[in-house]
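Asks: Sharing a sequence plus its predicted fold:
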Amino acid sequence: MLEEAGEEVLGSVLLKASCLPLSFLVVVPAVLLLLLGPPPASAAHEFTVYRMQQYELGGQPYGTRNAVLNTEARTVEADVLSRRCVMMRLKDFSYEQYQKALRQSAGAVVIILPQSMSSVPQDVIRQFMEIEPEMLAMETIVPVYFAEEDDELLSIYEQTQAASASQGSASAAEGRSVFKKH
């Protein structure tokens, strides 16, 4: 009888010991996640943008109509722009590229302006000033934003440009761009 009790105790100790590694594998990662928190998402980038003018004159809408944006970023060189945020720098901007983004139902267009307009060639400024009234005169549901170039935005643009060229499934900005509108 004493021998049976000893075997029973020994069997329960072995059973508990064999469960220890399994519970250790479940509990320790859960505790670490609670203490450290989830890793920050590197997918969203936030930067300030300014929406192109929108107005109504005599019941006729002009300018962009939508303001909500949470889309994958691409540059205009990408083959597929549908439901994507199309980023283009002012120095590379053309009306044809803008129309391409609109025809392909882009989610938004972000035109990146340099910090100093004096660094932009006069013919580029003149070309944009000629196109601007046409952009304002047409109604489009595609929101158009302007953002001032900085190091972070330039980095996002360059990464997005590389991803657009390779046509990978994810943008270089790793998916989403989040804008803070003004």
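Replies: That came through fine.

Asks: Tell me if I'm right that Val49 and Pro143 touch.
Replies: No. Contact criterion CB atoms under 8 Å: Val49 and Pro143 do not qualify, at 9.2 Å. For every residue, glycine as well, the C-beta is placed using N, CA and C.

Asks: quick one: the strands in this protein?
Replies: 44-51, 54-57, 60-64, 72-75, 84-89, 108-113, 139-140, 144-148, 176-181 (DSSP state E).

Asks: Now tell me which of those strands the model trusts least on average.
Replies: Looking at the strands of the chain, the lowest mean pLDDT belongs to strand 176-181 (a mean of 49).

Asks: Quick check: Ala78 touching Met88?
Replies: No. Using CB under 8 Å, Ala78 is not in contact with Met88, being 11.1 Å away.

Asks: Number of residues surrounding Glu148?
Replies: By other CB atoms under 10 Å, 13 other residues sit near Glu148.

Asks: so who does it touch?
Replies: Thr48, Ile112, Leu113, Pro114, Gln115 (CB atoms under 8 Å, 6 or more residues apart in numbering).

Asks: Which residue is the nearest non-sequential neighbour of Met88?
Replies: Distances taken as CB to CB, 6 or more residues apart in numbering place Val76 nearest to Met88, at 5.1 Å, with adjacent residues excluded.

Asks: The one you found is in contact with Gln99, isn't it?
Replies: No. Contact criterion CB under 8 Å: Val76 and Gln99 do not qualify, at 10.4 Å.

Asks: Of those two, which one has the most company?
Replies: Val76 (22 against 12).

Asks: gap between the more buried one and Glu46?
Replies: According to CB to CB, to the nearest Å, Val76 and Glu46 sit 22 Å apart.

Asks: Gln161 now?
Replies: Distance, Gln161 to Glu46, using CB to CB: 20 Å.

Asks: Pick out whichever of these two has more residues nearby.
Replies: Each of Gln161 and Glu46 has its neighbours counted (other CB under 10 Å); Gln161 has more, 22 against 11.
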